[in-house]
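[1] Got a sequence here, can you model it:
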Amino acid sequence: MDGFILFFFVFFWFCFVLFCFVLLFVRFSDSYGRRPVVLSAGLIVAVGSLVQVLSVSAAMLLLGRTILGVGKCWVA
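    Numbering: from 1, shown residues only. Here you go, the predicted structure:
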């Protein structure tokens, strides 16, 4: 049961971060252009994915999901 709660928390943490930051980052593509924003979002998503792959604890996994959520918001 403990693993299911962790999975539930990690999934909804990603959704929460995505929801909170999408309104903040939505105007970056209008200000800086689409190409630099998409390239930087790809870099942020790559870093977040790398943190998730190398995670050794639940806290590190949540950090990776947070970085990944922020990177996904840049694309929106």
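[2] Give me the neighbour count for Ala58.
    Other residues within reach of Ala58, judged by other Cβ atoms under 10 Å, total 11. Heads up, the C-betas are built off the backbone N, CA and C, glycines and all.
[3] tell me which element the residue nearest to it when sequence neighbours are not counted is part of?
    Excluding its sequence neighbours, the residue lying closest to Ala58 (Cβ to Cβ, 6 or more residues apart in numbering) is Leu6, at 5.9 Å. In the assignment (DSSP states H and E), Leu6 maps to helix 2-25.
[4] Quick check: what element follows that helix along the chain?
    Next along the chain after helix 2-25, taking DSSP H and E as the criterion, comes helix 28-32.
[5] Show me where the protein dips below the pLDDT cut-off.
    Counting by pLDDT under 70, the chain shows low-confidence ranges at 1-3, 76.
[6] hang on, the residue nearest to Ala58 packs against Ser55?
    No - between Leu6 and Ser55 there is no contact under Cβ atoms under 8 Å: 11.9 Å.
[7] show me the residues around the closest residue to Val45 other than its chain neighbours that make contact.
    Nearest residue to Val45, sequence neighbours excluded (Cβ to Cβ, 6+ apart): Gly71, at 3.8 Å. Contacts for Gly71 (Cβ atoms under 8 Å, 6 or more residues apart in numbering) come out as Ala41, Gly42, Leu43, Ile44, Val45, Val47, Gly48.
[8] Now the buried members of the residues you listed.
    The neighbour-count criterion (16 or more other Cβ atoms under 10 Å) marks Ala41, Ile44, Val45, Gly48 among the contacts of Gly71 as buried.
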